[in-house]
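**Student:** build the 3D model from these lines:
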Amino acid sequence: MPPTDARADTATVLGADLGASATASQSSGTDGEDTLDLRRPEEFIALCAEVETVDPAAHGAVVHAIGLRNLPEGTEGTAQPNVAVQPNTAVPADVDDLPTSGFSPNSYAPPCDDLLDRVADWGPTHTPAGTFHLLPVHIERHLPLITRWMNDPAVAEFWELAGPQALTEDHLRAQLTGDGRSVPCLGVLDGTPMSYWEIYRADLDPLARHYPARPHDTGIHLLIGNVTDRGRGLGGTLLRAVADLVLDKRSACARIVAEPDICNTPSVAAFLGAGFRFSAEVDLPGKRAALMVQDRSLRDLL
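**Tutor:** Got it, this is the predicted structure:
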């Protein structure tokens, strides 16, 4: 199951237990940002309205949630509405592989609007490791590179996407042809593609069924592609930079969340080093995860 990595590189709350957890949190006087809030975001309500007015047969494939993988059979569509959409056709005619260095963000044509305040427009950010840029994926250019990363044993152990290129392509297209609640991105450091990211609306994801989600909670998945970039603190550096980007560009977002496999010690350590706090252990489909949270109100203290 694909994890959150510096991800290769929420207490367990289900059904009635969720309400019990939220009640206990409120009564103990803990931070209100971790309490249950059942208000639905405006985007969620709008998506529900679209389902009533859009004819799936006339507008293409039905899209399901993509944040949690390997959901039990029969549960995939229960966490969010199915939305009929047309595939994203904003791709370049050139299908050459992405170069390993000297990549120019100016040659990139961003996809259509997303539900994350247009990740394509966030721009570069300066980090201690260099200038970093999140660029939404172009399958035709980036698929061979991402597939190669997914077949690295250290990555495959947690992402579970090792195999033919078609497997990675299906994973990416599920997001790119979706409603914009998850944006797959290439991480480019000083002009060199070196990491893969997924920025997603955690409050609209099946993950929201497993922790007390709040409107506009934003999730992060990450893998570091090259072996030489791992094990030297780069994941934590970039996680902090991306978390700052999310909070700077998404004014409605009060929390960033991640759910790395509890056994992925380097990933958990990277999140802690990037200013996230450990909130709880959570049983998710396919893994036991560490719920990591970064609060806007604490960003300057951690």
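
**Student:** from here on, contacts and neighbour counts on C-alpha atoms
**Tutor:** Will do.

**Student:** now do the helices in the stretch 51-200 of the chain.
**Tutor:** Listed in chain order, the helices found in the stretch 51-200 of the chain under DSSP state H, counting those that start in this stretch are 56-59, 139-150, 153-159, 165-176.

**Student:** can you put these in a markdown table and add mean neighbour count and mean pLDDT?
**Tutor:** As requested, those are arranged in a markdown table below (neighbours: other CA atoms under 10 Å; pLDDT from 0 to 100):
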| stretch | mean neighbour count | mean pLDDT |
| --- | --- | --- |
| helix 56-59 | 12 | 38 |
| helix 139-150 | 20 | 97 |
| helix 153-159 | 19 | 96 |
| helix 165-176 | 17 | 97 |
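
**Student:** poorly predicted segments of the stretch 101-250 of the chain, please.
**Tutor:** Applying pLDDT under 70 to the stretch 101-250 of the chain flags the ranges 101-113.

**Student:** quick check: longest helix of the protein.
**Tutor:** For the chain, the helix with the greatest residue count under DSSP state H is helix 234-249.

**Student:** show me what that helix is packed up against.
**Tutor:** Contacts defined by 3 or more CA pairs under 8 Å, 6 or more residues apart in numbering; DSSP states H and E place helix 234-249 against strand 125-127, helix 265-273.

**Student:** adding distance to Q294, write the helices of the stretch 51-200 of the chain out as CSV.
**Tutor:** Supplementary listing: these in CSV, determined by distance: least, CA to CA, whole Å:
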stretch, distance to Q294
helix 56-59, 38
helix 139-150, 27
helix 153-159, 22
helix 165-176, 24
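
**Student:** hmm, back to that, what's the longest helix of the chain in contact with?
**Tutor:** The set of residues external to helix 234-249 that reach it, using CA atoms under 8 Å, 6 or more residues apart in numbering, is 6, 9, 117, 122, 125-129, 132, 218, 224, 253-254, 256, 270-275, 294, 296.

**Student:** now restrict those residues to buried residues only.
**Tutor:** Members of the contacts of helix 234-249 that pass the buried threshold by neighbour count (16 or more other CA atoms under 10 Å) are listed as 6, 9, 122, 125, 132, 218, 224, 253-254, 256, 270-275, 294, 296.

**Student:** residues touching E198, list them.
**Tutor:** If you count contacts by CA under 8 Å, 6+ apart, E198 has them with 182-185, 219-222.

**Student:** please redo it, this time with the cut-off set to 10 Å
**Tutor:** Applying CA atoms under 10 Å, 6 or more residues apart in numbering to E198 gives the contacts 4, 67, 134, 136-137, 172, 175, 182-186, 219-223.

**Student:** want to try CSV for the helices and strands packed on helix 234-249, with distance to E160 as columns?
**Tutor:** Shown next, in CSV, are the helices and strands packed on helix 234-249 (distance: least, CA to CA, whole Å):
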stretch, distance to E160
strand 125-127, 30
helix 265-273, 16
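
**Student:** indicate which one of those is closest to A154.
**Tutor:** helix 265-273 (11.3 Å; CA to CA).

**Student:** residues in contact with the nearest residue to D152 once chain neighbours are set aside?
**Tutor:** Using CA to CA, 6 or more residues apart in numbering and skipping residues adjacent in sequence, the residue nearest D152 is A162, 7.6 Å away. For A162, the contacting residues are 147-153, 155-156, 168, by CA under 10 Å, 6+ apart.

**Student:** what's opposite V293 in the beta bridge?
**Tutor:** Here V293 sits in beta bridges with V257, R277, going by DSSP bridges.

**Student:** next, find the distance separating it from A274.
**Tutor:** V293 sits 11 Å away from A274 when distances are taken as CA to CA, to the nearest Å.

**Student:** also G235?
**Tutor:** 9 Å.

**Student:** what's around the residue nearest to S182 when sequence neighbours are not counted, how many residues?
**Tutor:** With CA to CA, 6+ apart as the measure, Y200 is the residue that lies nearest to S182, at 4.0 Å, once sequence neighbours are left out. Look at Y200: counted by other CA atoms under 10 Å, it has 27 neighbours.
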